[in-house]
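Trainee: Generate a structure from the sequence data that follows.
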Amino acid sequence: MNLDKNIWEGWTAQNFIDELEPSFILIMSGQSWQKPFKTSDDLKQWCKDNQPYYKKHISEVYNYFKQLI
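Mentor: The predicted model follows:
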């Protein structure tokens, strides 16, 4: 998994992960209005919807969070 891969206008996969991780932690710890992810499809859709600027699937981002579930 290449987290230094350029995804969009200088944003790397790691940059997208860094933006999403605080929200992911809150969700998975039950400290958010959103319920923790139960399926891979829910996680995949959440990643796409919450990534800044780029609303397409990024496999590196998805796989990073999937391994944390």
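Trainee: could you say what helices and strands the longest helix seen in the chain packs with?
Mentor: Using DSSP state H to define each element, the chain has its longest helix at helix 13-28. With contacts taken as 3 or more Cβ pairs under 8 Å, 6 or more residues apart in numbering; DSSP states H and E, helix 13-28 sits against strand 6-8, helix 40-50, helix 59-66. Bear in mind the C-beta positions are built from the backbone N, C-alpha and C, glycine included.
Trainee: quick one: buried residues of it?
Mentor: Buried residues in helix 13-28, defined by neighbour count with 16 or more other Cβ atoms under 10 Å: 13-17, 20, 24, 27-28.
Trainee: do stretch 4-13 as well
Mentor: For stretch 4-13, a neighbour-count test (16+ other Cβ under 10 Å) marks 7, 11-13 as buried.
Trainee: Output these as JSON lines; include the columns pLDDT and distance to residue 69.
Mentor: Formatted as JSON lines, those follow (pLDDT from 0 to 100; distance: Cβ to Cβ, whole Å):
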{"residue": "7", "pLDDT": "95", "distance to residue 69": "22"}
{"residue": "11", "pLDDT": "95", "distance to residue 69": "24"}
{"residue": "12", "pLDDT": "96", "distance to residue 69": "22"}
{"residue": "13", "pLDDT": "96", "distance to residue 69": "18"}
